[in-house]
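*Asks:* Predicted model and sequence below, questions to follow.
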Amino acid sequence: MMSANLSAIFYLISGVLFILALRGLSSPETSRQGNFFGILGMIIAITVTFLSVGNFSSGFVYVLIFLLIGGLIGAFIAYKIPMTAMPELVAGFHSLVGLAAVFVAIAAFLNPEAFNLGTQGDIKLGSLIEMSIGAAVGAITFSGSIIAFLKLQGIMSGSPITFKGQHPLNALILISIVVVTYLLCSTQSSNLFWILLAISFLIGFLLIIPIGGADMPVVISMLNSYSGWAAAGIGFTLENTALIITGALVGSSGAILSYIMCKGMNRSFFNVILGGFGATEQSTKSENKEQKPVKNGNAEDAAFLMKNASSVIIVPGYGMAVAQAQHALREMVDTLKKNDIKVTYAIHPVAGRMPGHMNVLLAEANVPYDEVFELEEINNDFANTDVAFVIGANDVTNPIAKTDPQSPIYGMPVLDVEKCKSVLFVKRSLSPGYAGIDNDLFYRENTLMLFADAKKMTEDITKNL
Amino acid sequence: MEIDPFIFRLSIFILSIFIGYYVVWSVTPSLHTPLMSVTNAISSVIIVGAIIAGLAGNSENIFNISSIFGFLAIALAAINIFGGFLVTQRMLAMYKKKKKG
């Protein structure tokens, strides 16, 4: 059996390796090494746990069996999952972290001796508080992620579910969580522990249902953060440094991603989590706009414009992924490059259904990452570019966000595509985007609308080049 | 007077939040999706608690309620660990630089 001090040092090492794993993601070149550090840290943590418990006689085989079952399922999912489904996968994974935290807390509550936390009915007060926090946050993460998963998967409608008295009800439940935790800690009653879990599951569910499908990038990031805090809570209970460090890392990571996503939509965090966006502001103004003239083009026109351009910026959005057009798009770009046309990609922070989603989809289509630029890096280049090719994006290009203070998206950072000499806008119809706002860009002098399926249109353009 | 060990853990926790803050801001936005999947994988280090619970049963009583929850948590965390790291690796392998020439 390993001494407690030695195992604590190894847990610290694995915590440091996890920090290096995230550090590696600062550039694609170092990222693969970073992932390796992460795996190494995990192997160390698990090995040390086995050695420090040192009880290989009885449960050991079953531990390995369950480890293997979970590992096989995880590996299978990792290889099968299409890249378009990454948001669902991550939401699903968050729910598992949450549930695992709940289960560990239950195990510790029922058998505190095994964790050195006292005896049942007489758990150390500090440990009990930490355990309750870990369990409650874990439960919220679990049920919240399940709802996020169902919404992303399309099993549940993406539209916000709101009802009268929603916010007071949520506030009441949150207060009761605090009260039950307090009572639990003073009475050690196991009934209160189960009640705490039940209301935490309930609030997780209630917190996510009013949030619209389009806000899922924020929700996923937020749940990412929660899963970290849950892990940290359990880490305090188990007095485990690796778990505390990891929990803090993941918690702040998710919080930063939520912040970046909110900023990308110019909305406050509370505005997003209180929900109902899209349902309230949708019907503001859709009058007389329909009569405005729109320039309608076909694949030949688009090909002609691009052939005579010297530079093209592609603006992809989630619609591209829905139409599975990324490979066709890459082929079109290859053809353009053969004609010595400079092609780059511009990605808005909230393009796609989760942070960085569009980058992964382009990488999968073999687009080199050094041709892909973020909004701040590329926004000034539109003015010196001949053609902007907008495919599957909409609201993130809407110039009204810069000009109309009445608009719900006013102040949101947008890509200045209208500054290009000409804009090609691939879209199925003139219908507005998720925010329900008409895009001013459609009616601009220099915009040519290409009404078609994104994949088919891209293929047709390639044929005409 | 001795300092409660909890304070040391709290110090580690607070400092780690700051490390997390600076490290995550330095992550390039194009890798935010792999960031989420890898944080998923590492937060499943919660498996250490599950293993302790799973190993706690004695030979007459391998499956008591506590260890059963431990075993279930092991399986859940293992899905995340393997799934998280492997899917991250799969994504990172796709990020390629422009071919020269």
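*Replies:* Ah, there it is.
*Asks:* Run through the helices of the stretch 351-465 of chain A in chain order.
*Replies:* If you assign secondary structure with DSSP state H, counting those that start in this stretch, the helices in the stretch 351-465 of chain A sit at A:357-364, A:375-378, A:400-403, A:454-464.
*Asks:* Adding mean neighbour count and distance to chain B, write those out as TSV.
*Replies:* (Glycine included, C-beta is placed from N, CA and C.) Supplementary listing: those in TSV, determined by neighbours: other Cβ atoms under 10 Å in any protein chain shown; distance: least, Cβ to the nearest Cβ, whole Å:
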stretch	mean neighbour count	distance to chain B
helix A:357-364	26	4
helix A:375-378	15	9
helix A:400-403	17	20
helix A:454-464	20	20
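*Asks:* Can you redo the ones you listed as CSV, where the extra columns are mean pLDDT?
*Replies:* As requested, the helices of the stretch 351-465 of chain A are exported to CSV (pLDDT from 0 to 100):
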stretch, mean pLDDT
helix A:357-364, 92
helix A:375-378, 91
helix A:400-403, 86
helix A:454-464, 90
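*Asks:* Give me the distance from the helix or strand of chain B with the lowest mean pLDDT to the chain's centre.
*Replies:* The helix or strand of chain B with the poorest confidence is helix B:47-55; it has a mean of 91 (mean pLDDT, DSSP states H and E). Distance, stretch centre to chain centre, for helix B:47-55: 14 Å (Cα atoms, centre = their mean, to the nearest Å).
*Asks:* now stretch A:392-408
*Replies:* In terms of Cα atoms, centre = their mean, the gap separating the centre of stretch A:392-408 from the centre of its chain is 23 Å.
*Asks:* which residue packs closest to residue A:356, ignoring adjacent ones?
*Replies:* Leaving aside its sequence neighbours, residue A:356 sits nearest to residue B:32 (Cβ to Cβ, 6 or more residues apart in numbering or on different chains; 3.1 Å).
*Asks:* where's the closest residue to residue A:241 other than its chain neighbours, which helix or strand?
*Replies:* Of all residues not flanking residue A:241 in the chain, residue A:11 sits nearest, at 4.6 Å (Cβ to Cβ, 6+ apart). Following DSSP states H and E, the helix or strand that holds residue A:11 is helix A:4-23.
*Asks:* Who are the packing partners of that helix?
*Replies:* Using 3 or more Cβ pairs under 8 Å, 6 or more residues apart in numbering or on different chains; DSSP states H and E as the contact criterion, the elements in contact with helix A:4-23 are helix A:28-53, helix A:241-264, helix B:5-25, helix B:32-43.
*Asks:* now the angle from the third one to helix B:32-43?
*Replies:* It refers to helix B:5-25. Regarding helix B:5-25 and helix B:32-43, their directions subtend 160 degrees when assessed with axes from the mean of the first three to the mean of the last three Cα atoms, to 10 degrees.
*Asks:* What is the neighbour count of residue 38?
*Replies:* The chain I'm using is chain A. For residue A:38, the neighbour count with other Cβ atoms under 10 Å in any protein chain shown is 30.
*Asks:* that's the wrong chain, I wanted chain B
*Replies:* The local packing count at residue B:38 equals 30, with neighbours defined by other Cβ under 10 Å.
*Asks:* What are the neighbouring residues in contact with the nearest residue to it once chain neighbours are set aside?
*Replies:* Closest residue to residue B:38 in three dimensions, ignoring its sequence neighbours and counting by Cβ to Cβ, 6+ apart: residue B:88, at 4.6 Å. When the contact criterion is Cβ atoms under 8 Å, 6 or more residues apart in numbering or on different chains, the partners of residue B:88 are A:35, A:38, B:34, B:37-38, B:41.
*Asks:* Where does residue B:88 fall, secondary structure wise?
*Replies:* Under the criterion of DSSP H and E, residue B:88 resides in helix B:65-92.
*Asks:* That helix relative to helix A:4-23, how many degrees between them?
*Replies:* Relative orientation of helix B:65-92 and helix A:4-23, computed by the same axes, to 10 degrees: 30 degrees.
*Asks:* Packing partners of the least confident helix or strand of chain B?
*Replies:* On the basis of 3+ Cβ pairs under 8 Å, 6+ apart, helix B:47-55 makes packing contacts with helix A:28-53, helix A:60-80, helix A:86-110, helix A:216-238, helix A:241-264, helix B:65-92.
*Asks:* Would you mind listing the buried residues in that helix?
*Replies:* The neighbour-count criterion (16 or more other Cβ atoms under 10 Å in any protein chain shown) identifies B:47-55 as the buried residues of helix B:47-55.
*Asks:* again with stretch A:244-262
*Replies:* By neighbour count on 16+ other Cβ under 10 Å, the buried set for stretch A:244-262 is A:244-258, A:260-262.
*Asks:* taking the mean pLDDT, what do you get for that stretch?
*Replies:* For stretch A:244-262, the mean pLDDT works out to 94.
*Asks:* Do it and chain B come into contact?
*Replies:* Yes: applying Cβ under 8 Å from any Cβ of the partner chain, one finds stretch A:244-262 in contact with chain B at A:244-254, A:256-257, A:260.
*Asks:* Alpha carbons of that stretch, as CSV, please.
*Replies:* Provided in CSV are the C-alpha atoms of stretch A:244-262 (Å, rounded to 0.1, in the frame of the first residue of the first chain):
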residue,chain,number,x,y,z
ILE,A,244,-9.4,19.9,-7.0
ILE,A,245,-7.0,21.2,-9.6
THR,A,246,-9.0,19.7,-12.5
GLY,A,247,-12.3,20.9,-11.1
ALA,A,248,-10.9,24.5,-10.9
LEU,A,249,-9.4,24.3,-14.4
VAL,A,250,-12.6,22.9,-16.0
GLY,A,251,-14.8,25.3,-14.0
SER,A,252,-12.9,28.4,-15.2
SER,A,253,-12.6,27.0,-18.7
GLY,A,254,-16.3,26.7,-19.1
ALA,A,255,-16.9,30.1,-17.6
ILE,A,256,-14.5,31.7,-20.0
LEU,A,257,-16.1,30.0,-23.0
SER,A,258,-19.6,31.1,-21.8
TYR,A,259,-18.3,34.6,-21.6
ILE,A,260,-16.8,34.5,-25.1
MET,A,261,-20.1,33.1,-26.5
CYS,A,262,-22.2,35.8,-24.8
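*Asks:* start to end distance for stretch A:344-355?
*Replies:* 20 Å (Cα to Cα, to the nearest Å).
*Asks:* Show me what counts as buried in that stretch.
*Replies:* Residues of stretch A:344-355 classed as buried by neighbour count (16+ other Cβ under 10 Å): A:344-355.
*Asks:* Among those residues, which ones are in strands?
*Replies:* Among these, the subset assigned to strands under DSSP state E consists of A:344-347.
*Asks:* Adding pLDDT and distance to chain B, write the residues you listed out as JSON lines.
*Replies:* Supplementary listing: those in JSON lines, determined by pLDDT from 0 to 100; distance: Cβ to the nearest Cβ, whole Å:
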{"residue": "A:344", "pLDDT": "93", "distance to chain B": "11"}
{"residue": "A:345", "pLDDT": "94", "distance to chain B": "10"}
{"residue": "A:346", "pLDDT": "94", "distance to chain B": "12"}
{"residue": "A:347", "pLDDT": "93", "distance to chain B": "8"}
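*Asks:* and residue B:96, how many residues sit next to it?
*Replies:* Neighbours of residue B:96 (other Cβ under 10 Å): 13.
*Asks:* Kindly apply the preceding question to residue A:42 instead.
*Replies:* Applying other Cβ under 10 Å, I find that residue A:42 has 27 neighbouring residues.
*Asks:* swap in residue A:102?
*Replies:* Residue neighbour count, defined by other Cβ under 10 Å, stands at 27 for residue A:102.
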